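In: Please work out how this folds:
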Amino acid sequence: MTTARGQIGNQPGFQKKGQRAVAQLTWAHNVILIQKVKDLPTRLWYARQDFEHGWSRDVLSLQIQRRAHERHGKAVTNFQRTLPTDIFYAQGVKANVLFFDRKSAQEKPWTQKLWIYDLRTNLHFTLKENTLKRTDLDDFVKCYNTKNRHERTEGERFKSLPMKN
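Out: Numbering: from 1, shown residues only. Sure, this is the predicted structure:
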């Protein structure tokens, strides 16, 4: 009798691609993968996602049924239409943090201006030689002005942009 892990583990290329994720899944999850996903690379993709996100059996089955692997990384956003084009390095790269006030819904949007702090301007950080330190954020804390957000002022890195309706 072959076990679920044994059946997946004996396939060519498995040792390099998916051993860690599949070995961490429960027997029931491996059975679902074997029964519902015939293509090995696709099966390994679901195993990795299951392992990373801690899916239940029902969620795993639903993701397979809805063919999540075909949609992965292709989410549609309205960022191109609603956010300024120069605040991100490139599509999909999240380089800046945007803050919005959380308030109850109303007819007219609460946010009138979008404040952007660009830490990249005239600064270069690396993982080893020039790491980001707490003191590098002091200017942001000062500009953000939590005590009175209506008194925020623009500077070299801190800009405001009117929101488009």
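
In: C-alpha only now, for contacts and for neighbours.
Out: Fine.

In: where's Val37 relative to Pro162, distance?
Out: Distance from Val37 to Pro162, counting by CA to CA, to the nearest Å: 48 Å.

In: Pop the domain breakdown of this structure in here.
Out: Per automatic domain parsing, the structural domains of the chain span 4-71, 79-162.

In: Which parts of the protein are helices?
Out: Secondary structure of the chain (DSSP state H): helices at 4-9, 14-17, 19-24, 27-36, 40-53, 57-65, 68-71, 79-82, 138-144.

In: could you redo those helices as JSON lines and give each row distance to Glu129, mean neighbour count and mean pLDDT?
Out: Formatted as JSON lines, the helices of the chain follow (distance: least, CA to CA, whole Å; neighbours: other CA atoms under 10 Å; pLDDT from 0 to 100):
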{"stretch": "helix 4-9", "distance to Glu129": "41", "mean neighbour count": "17", "mean pLDDT": "50"}
{"stretch": "helix 14-17", "distance to Glu129": "32", "mean neighbour count": "13", "mean pLDDT": "47"}
{"stretch": "helix 19-24", "distance to Glu129": "32", "mean neighbour count": "17", "mean pLDDT": "70"}
{"stretch": "helix 27-36", "distance to Glu129": "43", "mean neighbour count": "17", "mean pLDDT": "94"}
{"stretch": "helix 40-53", "distance to Glu129": "31", "mean neighbour count": "18", "mean pLDDT": "90"}
{"stretch": "helix 57-65", "distance to Glu129": "42", "mean neighbour count": "15", "mean pLDDT": "93"}
{"stretch": "helix 68-71", "distance to Glu129": "38", "mean neighbour count": "12", "mean pLDDT": "86"}
{"stretch": "helix 79-82", "distance to Glu129": "33", "mean neighbour count": "10", "mean pLDDT": "56"}
{"stretch": "helix 138-144", "distance to Glu129": "20", "mean neighbour count": "14", "mean pLDDT": "85"}
